[in-house]
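**Q** sequence? don't have it. structure:
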């Protein structure tokens, strides 16, 4: 089959690779129908670290089950499924507690030795603990695809920031995760949603998703603008969708005392930007991490199926698998918010 | 009147100072009946920073109202009162939200220009927003005194760590705050409370307060011991009562993935010990700060008055005001957990 592989700095290729097969009784093989490129894929794309041969790429995909191992009972061949970006056994204490990303038998699609989402098919370990079957419906495939990562990650940011009905929320980062954070905050009942965005196209999606205010300034000026919009108090819930030190610094500066930052952007710079003493003085909490998307899939899927939730507008470029490198380049150069891969 | 003042490194004196008077219509003057020394007082005691003349010390006290300004309606002369360690106006958005420590008109007793708790009387700004009157009762004065800081701070740690009925809790730090954290965790319904303590006298108080397990090891061995006690998972709620980098490092290491650290120890070392990437990978939250004790006073006072809560055992040394320097030295040298000052 064909699949995307990464060989070095900005070196993405599409190659012939072996067809995946059921290796363990808990595996499924899923034929991919739609996949997409994640902001975190760009970290690998931009990295200059040496790579093993033919490491697969991608961790966001939906598809149709093609084969299952003898022990799989939750999905059957022919089922349409959403896969979260991590597999997990579904039975350990971490999975039971909804922290599937900490499952000791879990892993990330695209990690060395596993299939990636950017290929024609994927071997899914622990299919029962990982895949969620989707009943027949007319909802757009893009809405389902977004549940594999970006929508669940935006929801995780909102949950970790403690968004409640009536809340004032600030969203730092106008990438696809930040935009889904806006959507998640609205879904959780936020009254005011301030998004910091310097890109008109992204701000437009944010407004469509429920943002009430767009701050177009940067850095200190953005902080001032958020304070002006909030009577000098800041936002009690801040969604940190970008992992840079600058973004964390801004997130803390716009947080209301006693509030919380829900952070889901992969940290680029270690502790930079996190001022522990300021957090202490102002009682600002920091909660977040790799989103346990599997835990959120049932409730988010129910809303998608009911037509109450549609993150599809985050996709603004579509490429075929053979052109996946162009999809990466477009996101890297900020020509696209998020790239959909069609099969 | 007589009051304790600090002049430099470990230089505590008791001096004659002017009697406090009502300066503003929102002030009260409180005659101090009991005060105590805080672990955070030791930070100033040990500091080698230069000091202004006659800076007062202390921020934990209870007493009797002696005089009130014309605008004070909540307390009257003769009322027995508990003062939290910060004054606050009680009317700003931060006070309304229960984050009294962020009140823009607030301050700390003992800060330059204010009276300290270690004196015969104290001018209390914003008496209505600050003081809580105590009805006549037979409960020990020490139980009331602990509500001025240490019990509320232990409760803040437990709340920030998300202690719930049935929870497994680890408490890092066996000072008075850590011990009150044990008591708070038990009060909130924790099922298992593991305290890390290398001092038999403190561990004994912890057990009296509800600790189910005492870990006497240090550093990495303490972490291993907590993991052994928790089936390798760690504690979902960790109370970080000490502000050192080592304590924060231990707190993170014993936290269960998806759990939270409630931190109330004044940070000594900046960001040291806080591994942001590990928090991200394991979804461990960090929530805490200066405890808004005023917010918790009504519910904790109700439990003290009902005989359901008594943090008195944290006091294991009593000195007179004239001997307050010995009270500091005893805590500094770990000869005492917490020093009570009698007037």
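**A** Nice, thanks for sending it over. The structure presented is a predicted model; accordingly, all values stated were derived computationally and were not measured.
**Q** dump the residue contacts of the closest residue to residue A:127 other than its chain neighbours.
**A** Residue nearest to residue A:127 in three dimensions, not counting chain neighbours: residue A:28, with 3.5 Å by C-beta to C-beta, 6 or more residues apart in numbering or on different chains. C-beta coordinates here come from the backbone N, C-alpha and C atoms, glycine included. Residue A:28 is in contact with A:22, A:65-69, A:72, A:75, A:81, A:123-124, A:127, A:131, counting by C-beta atoms under 8 Å, 6 or more residues apart in numbering or on different chains.
**Q** Next step: those residues restricted to helices.
**A** Judged by DSSP state H, helices contain the following of the contacts of residue A:28: residue A:127.
**Q** Narrow the contacts of residue A:28 to those in strands?
**A** A:65, A:66, A:67, A:68, A:81, A:123, A:124 (DSSP state E).
**Q** Quick one, grab the pLDDT at the last one.
**A** In other words, residue A:124. In this model, residue A:124 is scored at 98, pLDDT.
**Q** quick one, phi/psi of the residue nearest to residue A:127?
**A** According to degrees, to the nearest 10, the main-chain angles of residue A:28 amount to phi -130, psi 160.
**Q** what about it, distance to residue A:343?
**A** Distance of residue A:28 to residue A:343, computed by C-beta to C-beta, to the nearest Å: 17 Å.
**Q** isn't residue A:263 right up against residue A:285?
**A** No: at 10.4 Å, residue A:263 and residue A:285 do not qualify as touching, with contact defined as C-beta atoms under 8 Å.
**Q** Those two - which one has more neighbours?
**A** Neighbours around residue A:263 and residue A:285, counted as other C-beta atoms under 10 Å in any protein chain shown, are more numerous at residue A:263. The numbers are 31 against 25.
**Q** who's the more buried one bridged to?
**A** Note on residue A:263: beta-bridge partners by DSSP bridges are residue A:240, residue A:288.
**Q** neighbours of the closest residue to residue A:320 other than its chain neighbours, just the number please.
**A** Among residues not flanking residue A:320 along the chain, residue A:342 sits closest, at 5.7 Å (C-beta to C-beta, 6+ apart). A count of nearby residues for residue A:342, using other C-beta under 10 Å, gives 12.
**Q** And for residue A:84?
**A** For residue A:84, the neighbour count with other C-beta under 10 Å is 26.
**Q** List the contacts of it.
**A** A:100, A:130, A:132, A:148, A:149, A:152, A:293, A:294, A:297.
**Q** buried subset of the contacts of residue A:28?
**A** Buried by 16 or more other C-beta atoms under 10 Å in any protein chain shown: A:22, A:65-69, A:72, A:75, A:81, A:123-124, A:127, A:131, out of the contacts of residue A:28.
**Q** Serialize those residues to CSV and add fields for distance to residue B:118.
**A** CSV is the format used below for the buried ones among the contacts of residue A:28 (distance: C-beta to C-beta, whole Å):
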residue, distance to residue B:118
A:22, 73
A:65, 72
A:66, 75
A:67, 75
A:68, 72
A:69, 71
A:72, 69
A:75, 68
A:81, 67
A:123, 69
A:124, 65
A:127, 66
A:131, 64
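**Q** What is the nearest of those to residue A:200?
**A** The shortest approach to residue A:200 among the buried ones among the contacts of residue A:28 belongs to residue A:81, at 36.2 Å (C-beta to C-beta).
**Q** pretty sure that closest one is touching residue A:135, no?
**A** No: counting by C-beta under 8 Å, residue A:81 does not reach residue A:135; the two are 11.1 Å apart.
**Q** which residues in the stretch 201-343 of chain A form helices?
**A** Ranges of helices in the stretch 201-343 of chain A, per DSSP state H, counting those that start in this stretch, are A:219-229, A:245-254, A:276-282, A:293-305, A:324-332.
**Q** so of these, which one's packed in deepest?
**A** Here the criterion is mean neighbour count by mean count of other C-beta atoms under 10 Å in any protein chain shown, and of the helices of the stretch 201-343 of chain A the winner is helix A:245-254, at a mean of 23.
**Q** What angle do helix A:219-229 and it make with each other?
**A** Counting by axes from the mean of the first three to the mean of the last three C-alpha atoms, to 10 degrees, helix A:245-254 lies at 30 degrees to helix A:219-229.
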